[in-house]
Every structure is written in C-alpha cells, then in structure tokens.
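# The following comprises the amino acid sequence and a computationally predicted model.
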Amino acid sequence: MRALVTGATGFTGGALARWLAGRGDAVRAFVRDRRRAADLESAGIELVEGDLTQRESIRPALAGIDVVYNIAALYRAAGLPAARYRAVNADAVGAIVEEAQRAGVRRVVHCSTVGVHGDIEHPPANEDAPLRPGDVYQETKLEGERIGRDAAARTGVELVITRPTGIYGPGDRRLFKLFGGVAKRRFVVLGSGRIFYHLTFIDDLCAGFRLCATVPGAAGRTYILGGGEVTDLNELVRVIAGVAGVPPPRVRLPVWPVWLAGAVCEVVCGLIRVEPPIYRRRVDFFTKSRSFDIGRARAELGFAPAVGLREGIGRTLEWYREHAWI
C-alpha cells in the first residue's frame, strides 16, 4: 500500500513508518522539520514537510496515497494553551479526513489513547467503557475522535480509531523514567503500587495499526490495542528489575505530598515556560488503574500480540544499554 504517516519524527510514528517500509509498503512521512528525519529518509521513506494545523500543507502529502496513519499528537508540554492542543489533537483530525476525501484516500487510521477512559474502576475496560478524560491532552484526544467521526460521516472516508495502551520499546523516551529508573536503582514507588498498568510493545502496535488499515470490516470501528499481559505496578517493577538484574526498589512514598508539590511546580514552571520536574500527571501514573480488554481487536482484526512482557522489556533495556542511556 501507499501510506502516509503523520508524526513520523516521534517515537510511535517513526517506528510505524520504518515497520511499514520494512514490509514493503511505499511510505511517505509528513514531518514539520525534515532535518529531524534523516534516519527516515535513509530508510527509503519519502519526506513531505508541512504543518497539520495548516490545511494547505496537508494536501500535497495526500497525493497518490491509499491510507493515512494519523499518529501526530501534541503531548504534555509546559506553558502551552489549550487552543494549541486542540489545533493538533482535535481540529487537525477533521482536516485530515476532509482532505483525504478530496484526494481520493479510502481510509484514515487515527491514533487516540486509552487515556480518554480515565481511571478504570472496573477493569478490564473495553471500548464501550465510560469516557472520563482527566487533562487537556486526553480531553483534546477525545474531541479529535468526535471531530474525526463527524468528518468521516460527511465525506464517506473510512475512519478507524485506535486507542493504544502504554507504548514502550527500543528508542522510547516517555517510559524511560520507569525502565531506566528501575534499572539504575533510582525508581521510587508512590502509594501502594496496586494499580493495573497495561503496556503495548511497539512492534505489536505497528502490526495492529496495519490491521486497522487493511481489514475491510474495521471501517468505522474503534479498537483498543494493547499487549497480551497485564500486571499491577508492583509486579511490573519486579519484572523490570528481574530482567535488568537488579533488586526491585524498596523506597515508597505517600502520594499526596508529591501531588501537591507537582501542582505547585506546574503553576510556577508554566509561568516561566519550562518543563516542571514534578507534575500531577506523573503522580497519576501511580494512582490511576489502566487495564483493558483487547477482545474486540482480537476477534475483528485478528490482532495477536506476539511479544511477551519479559521479552519486550529485555529488548528495550538492551537498546538503552547499547545507546548508553543506562
């Protein structure tokens, strides 16, 4: 297939572009700055420079494309107004679907997040669980789903929405604080650690994305994509420590003082536009349960996560060591 991948200079989008190209798809990457994408170009991936918030720059990227994988997202950054999140995470989704119709693109696979479900009271949650986004990132990702569906209904473009669980793998920076912290014996558990955390290895996620692009019956559907194993945080930390060959962390701290410090840091750092060293979202990692049912993706897509938790953690830690991150 001829595929366009947005967000290709990020971890997930870049991994997907390379994974698709490695399996014979003709891949075009939509990037804001081609200087940050030299590794993609060297892998035979065509680069198109543009900005998703500027509709006219989307149009040239769609020429001759069969399917769009919209992976681009504005994650959590200090000092950004809600309007900026909305422009990238919500409004751009509708623009992509509308421009896809004009270009003759048959399907758009849009990457959302399981975060739109918030804290899971009755795990495991499926795609029909209550929607309770907890911050501006999750709120605008949910808004992007709604805008995308409305645009698809107007245009006839086949839209498939994916909600991945926590994404990890070689090259990931976002969960490096967990993996690297445990491996370097610097990780501190806040609270009891008895909350579920559901991981997805990047290769399995890429395979799931492509199934969403190719299975005819996926059109108009929403799928949670996650790994085949779910643990609580305590067990996850023990597994990481075991694979890393270090003792599991023993230090535990209560949640509320760190949460309060995070709230203060967010306000102060937001005023001076620097990334806070502590923020409430990081504390949420220790307090909100994340466990999901991937039965719909298994049954309708044939999604079958192939990388076990210990294998995925081992491959991730090996990459960190090879690149001197740990």
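Sure, I can see it.
# separation between residue 8 and residue 234?
From residue 8 across to residue 234, the span is 36 Å (CB to CB, to the nearest Å). Backbone N, C-alpha and C define where each C-beta goes, glycine included.
# Neighbour count for those two, which is higher?
Taking other CB atoms under 10 Å, residue 8 and residue 234 do not tie; residue 8 has more neighbours (28 against 17).
# Please report phi then psi for residue 232.
phi -80, psi 170 (degrees, to the nearest 10).
# While we're on it, how confident is the model there?
Residue 232 carries a pLDDT value of 95.
# Pretty sure it sits against residue 196.
Yes - counting by CB atoms under 8 Å, residue 196 is a contact partner of residue 232 at 5.6 Å.
# okay, those two: which has more neighbours?
Legend: neighbour count by other CB under 10 Å for residue 232 and residue 196, higher for residue 196 (19 against 16).
# elements contacting the lowest-mean-pLDDT helix or strand in the chain?
In the chain, the helix or strand scored least confidently by mean pLDDT, DSSP states H and E is helix 280-284, which has a mean of 74. Other elements packing on helix 280-284 under the criterion 3 or more CB pairs under 8 Å, 6 or more residues apart in numbering; DSSP states H and E are helix 255-272.
# Show the average pLDDT along the helix it packs on.
Helix 255-272 comes out at a mean pLDDT of 79.
# And the pLDDT for the residue lying closest to residue 171 once chain neighbours are set aside?
Excluding the flanking residues, the one nearest residue 171 by CB to CB, 6 or more residues apart in numbering is residue 11, at 5.8 Å. As predicted, residue 11 sits at a pLDDT of 96.
# ok, how many other residues are close to residue 11?
Neighbourhood size, residue 11 [other CB under 10 Å]: 19.
# show me what contacts residue 183?
Counting by CB atoms under 8 Å, 6 or more residues apart in numbering, residue 183 touches 240, 241, 244, 246, 317, 320, 326.
# how much space between residue 114 and residue 249?
Distance of residue 114 to residue 249, given as CB to CB: 26 Å.
# ok, those two, which is more surrounded?
Legend: neighbour count by other CB under 10 Å for residue 114 and residue 249, higher for residue 114 (25 against 19).
# Please consider this matter closed, and thank you.
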